[in-house]
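Visitor: prediction below, plus the sequence it came from.
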Amino acid sequence: MHWLVCYMQGSISELVPKICNANTELSRKLRRMPSYDEIAEALGMDVSTVRLVIERNRAPISIDQIVTSQGYMSLQNIISGPEDTTPEENVKRQMMKQDLEKILHNVLCDREAKILKLHFGLNGDNPQSFEEIGRVLKLSRERIRQINCTALSKLRESSMLDNFKMYIT
């Protein structure tokens, strides 16, 4: 799907300089790094296209790269692999997912729960912007933002959230 969007708007190699220039201009104007939404709006592109091009254009990082100014600690020393996950951690993670699912569906309506899952990537997918969610649900970006805020407020006020605190260490 992403390749089709890029094909229709130009090849990735043609989009990289456009997006980089827009990023630089917006950074200068805003005096901060622009979001994918802001870059996409400035260029009249889909947010997903901007995200795809930026993520594909990043240089790879070696896990053997030294990350401290003193000593020899590399990324490989810091990043744990799947083999470092204990069975207890796997069970805890699974229980946390189940409890989160219960909280979302007991406190929120289906639409609110779906929007939070999409926005925060709780279903295992990449987090989506309000604009992307709005396109899927056929609602405006602003309406998605409002529903998201309402859902988060409901969760903050919920007594069920106390049960979830045991997972936060």
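Guide: That came in fine, so what should we check first? If you're wondering where the values come from, they're calculated on a predicted model, not measured in any experiment.

Visitor: the most centrally placed residue in the chain in helix, strand or coil?
Guide: In the chain, the residue lying closest to the centroid (C-alpha atoms, centre = their mean) is P127, at 3.3 Å. Assigned with DSSP: H, G, I helix; E, B strand; the rest coil, P127 falls in the coil class.

Visitor: again, but for S159
Guide: Assignment for S159 (three-state DSSP): coil.

Visitor: follow-up on the earlier one: against V16, how distant is the residue nearest to the centre of the chain?
Guide: Separation of P127 from V16 (C-beta to C-beta, to the nearest Å): 23 Å. To be clear about C-beta, it is placed using only N, CA and C from the backbone, and glycine gets the same treatment.

Visitor: how is the protein carved up into domains?
Guide: Following automatic domain parsing, one finds the domains of the chain at 2-57, 87-161.

Visitor: gap between the first one and the chain center?
Guide: Between the centre of domain 2-57 and the centre of its host chain there is 16 Å, according to C-alpha atoms, centre = their mean, to the nearest Å.

Visitor: ok, now the longest one?
Guide: Relative to the chain's own centre, domain 87-161 is displaced by 13 Å; criterion: C-alpha atoms, centre = their mean.

Visitor: looking only at pLDDT, what's the mean for that domain?
Guide: Confidence for domain 87-161, expressed as mean pLDDT, is 89.
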